[in-house]
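**Q** sequence and computational prediction follow.
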Amino acid sequence: MTLPEPIQTYFTAQAPQDRTAFAAAFAPDAIVHDEGGNHQGPAEIEAWWMAAKAKYRHTAEPLEMTEIESKTVVRARVTGDFPGSPAILSFTFGLADGLIHDLRVG
């Protein structure tokens, strides 16, 4: 499966060394919806990602990708330090101009 470049970066970036590349995959006005919260803009999204990596020490392995209503949905096996690990989660990406514009994790 060939993922669009910013989505590939999302799944392959390693914390903390790839934090700049990770943040650069998001549009300036991007928003992430995860665990009932919203994180807007690359700096806030980077902080969310770094905190989640520190808390859960997780990895996500993409399993399949589909296009639904102009969104790219990636189902991935997420393994880490959380109850129910591993879990299959859906990552719904909105892309614009080669960047992630919005992301919903769930």
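**A** On my side now, so go ahead.
**Q** and the residue nearest to the spatial centre of the chain, what element?
**A** Nearest residue to the geometric centre of the chain (Cα atoms, centre = their mean): Y10, 5.0 Å. Counting by DSSP states H and E, the element that carries Y10 is helix 5-12.
**Q** ok so, going back, quick check, pLDDT for the residue nearest to the centre of the chain.
**A** At Y10, the model reports a pLDDT of 98.
**Q** let's see the helix holding Y10 as CSV, backbone CA atoms only.
**A** Extracted in CSV, the C-alpha atoms of helix 5-12 (Å, rounded to 0.1, in the frame of the first residue of the first chain):
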residue,chain,number,x,y,z
GLU,A,5,3.5,11.4,1.6
PRO,A,6,2.1,13.4,4.6
ILE,A,7,0.2,10.3,5.8
GLN,A,8,3.4,8.2,5.4
THR,A,9,5.2,10.8,7.5
TYR,A,10,2.5,10.6,10.1
PHE,A,11,2.9,6.8,10.5
THR,A,12,6.7,6.6,10.2
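**Q** which residues belonging to the very next helix or strand once past that helix are considered buried?
**A** As assigned by DSSP H and E, the chain's next helix or strand after helix 5-12 is helix 19-24. Neighbour counts using 16 or more other Cβ atoms under 10 Å place 19, 22-23 of helix 19-24 among the buried residues. Backbone N, C-alpha and C define where each C-beta goes, glycine included.
**Q** who does the next helix or strand after helix 19-24 pair up with?
**A** Per DSSP H and E, helix 19-24 leads on to strand 26-34 as the next helix or strand towards the C-terminus. The pairing partners recorded for strand 26-34 under DSSP bridges are strand 37-40 (antiparallel), strand 99-105 (parallel).
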